[in-house]
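**Student:** Curious how this folds, go ahead:
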Amino acid sequence: MTRPVSTSNLLALVATCTVLYFHLLPAVFAGLAVYVLTLKLARHLPPNLNRFARKVALGVVVICVITCLTSVGALIWSYISSSMAITTLMTIVVDTLESLRKTLPAQIAESLPETIDDLRQQLVSLLGVHVKKISVFGMEGIKFLAHIILGMVVGGMAAVHHFNEHDKASPFISALRKRLGNLAIAFDKVVFAQVKISGLNAVLTAAYLLVILPSFGVHLPMATILVLLTFAVGMLPVVGNLVSNTVIVVISLGVSLGTGIASLAFLVLIHKAEYFMNARIVGYEVQATAWELLSAMLLLEALFGIPGLVAAPVVYAWLKAEVKAQGIL
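**Tutor:** Okay, the predicted model is just below:
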């Protein structure tokens, strides 16, 4: 291994630890999303454009990608903040837990949230500090959004720079670009694989909540919102499914004990099937087995908490690609 490659690997390791330690993962993921999407769209540009026209076209593509991502995020946040759906859903969960509290042993009942604020705080603790930052207005919220926007701008600039001539670049700069290229490929594979898994989970959940249960005369409250919640939080590995499944089972118990048991059994069946699908989809994309990904998730979660858990599949896929590229495996 040459010195420039070794140095670039060391810098990549330091950068990864820094991002996770200082909770910059959302900004980095936003930048990588812009970078990857811009490169994908840039492939469809006419190949005979001159240098200036190509730069202008790339700039337009970057602006369009950032605008689309920002608009989608703003629409989702606007829906969550302005709609009563989430508040109603949390109210139903709290009311159901209150009714269950009377039938459960005292030690278990004491651990259940008593109010919506208690439930929100437990969800915040489970999902990590970034959910709390999004929901808090003021300087922390502004700083978080600024990180996201800055990350997207940096990702767009890096995408435009990707198409510049690199013949005169030094070996060290070339090595750094290679590290970025491998990271982008790993991010592309893992994140889009996670979208497939989350979509599959949402479709199966929708079939159960909107088709199977109604066919037996059982109509769960807020079923459509539960499907949307399942898809949204399903983007978070492990933790997301835990949140959506817990909410579905609790609301099912509010309908009847039999519905709660049926929901629990169905969700366990779904995730047994998803375990193999996850290993097949993500494992195939990054050439890794399920135990490798789980081990990486456990290790990074122990070191960096929830951000490490979320970043683990991407980081491990990146690491494995680097090892293979350098002929170690």
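**Student:** So for the residue nearest to Glu322 when sequence neighbours are not counted, what's the pLDDT?
**Tutor:** Leaving aside its sequence neighbours, Glu322 sits nearest to Asn182 (C-beta to C-beta, 6 or more residues apart in numbering; 5.7 Å). Any C-beta I mention is one placed from the backbone N, CA and C, and that applies to glycine too. Per-residue pLDDT puts Asn182 at 91.
**Student:** was I right about Val191 contacting Val314?
**Tutor:** Yes. Val191 lies in contact with Val314 (C-beta atoms under 8 Å); the separation is 7.2 Å.
**Student:** So for the two, which residue has more residues nearby?
**Tutor:** Val314 (24 against 17; other C-beta atoms under 10 Å).
**Student:** List the buried residues for the host helix or strand of the more buried one?
**Tutor:** Here Val314 sits within helix 306-325, counting by DSSP states H and E. Judged by neighbour count using 16 or more other C-beta atoms under 10 Å, the buried positions of helix 306-325 are 306-322.
**Student:** helices or strands up against it?
**Tutor:** helix 3-21, helix 25-42, helix 129-135, helix 171-206, helix 257-286, helix 290-304 (3 or more C-beta pairs under 8 Å, 6 or more residues apart in numbering; DSSP states H and E).
**Student:** so that helix versus helix 25-42, what angle?
**Tutor:** Counting by axes from the mean of the first three to the mean of the last three C-alpha atoms, to 10 degrees, helix 306-325 lies at 50 degrees to helix 25-42.
**Student:** Could you identify which of the helices and strands packed on helix 306-325 has the lowest mean pLDDT?
**Tutor:** The weakest mean pLDDT among those belongs to helix 129-135, with a mean of 45.
**Student:** On the C-terminal side of that helix, identify the next helix or strand.
**Tutor:** With DSSP H and E, the next secondary element past helix 129-135 is helix 139-162.
**Student:** which of the helices and strands packed on helix 306-325 is buried the deepest?
**Tutor:** Ranked by average neighbour count under the criterion mean count of other C-beta atoms under 10 Å, those are headed by helix 25-42 at a mean of 21.
**Student:** Residues contacting that helix, please?
**Tutor:** By C-beta atoms under 8 Å, 6 or more residues apart in numbering, the residues outside helix 25-42 that reach it are 19, 57-58, 61-62, 64-66, 69, 130, 144, 147-156, 158-160, 162-163, 183-184, 187-188, 191, 307, 310-311.
**Student:** quick one: Pro214 and Asn48, what's the gap?
**Tutor:** 56 Å (C-beta to C-beta, to the nearest Å).
**Student:** and those two? which has more neighbours close in?
**Tutor:** Pro214 (12 against 7).
**Student:** which SS state does that one fall under?
**Tutor:** For Pro214, the assignment made with DSSP: H, G, I helix; E, B strand; the rest coil gives helix.
**Student:** Please report the distance of it from Val247.
**Tutor:** Pro214 sits 19 Å away from Val247, going by C-beta to C-beta.
**Student:** which residues does the closest residue to Val5 other than its chain neighbours contact?
**Tutor:** Among residues not flanking Val5 along the chain, Ala175 sits closest, at 4.9 Å (C-beta to C-beta, 6+ apart). Counting by C-beta under 8 Å, 6+ apart, Ala175 makes contact with Thr2, Pro4, Val5, Thr7, Ser8.
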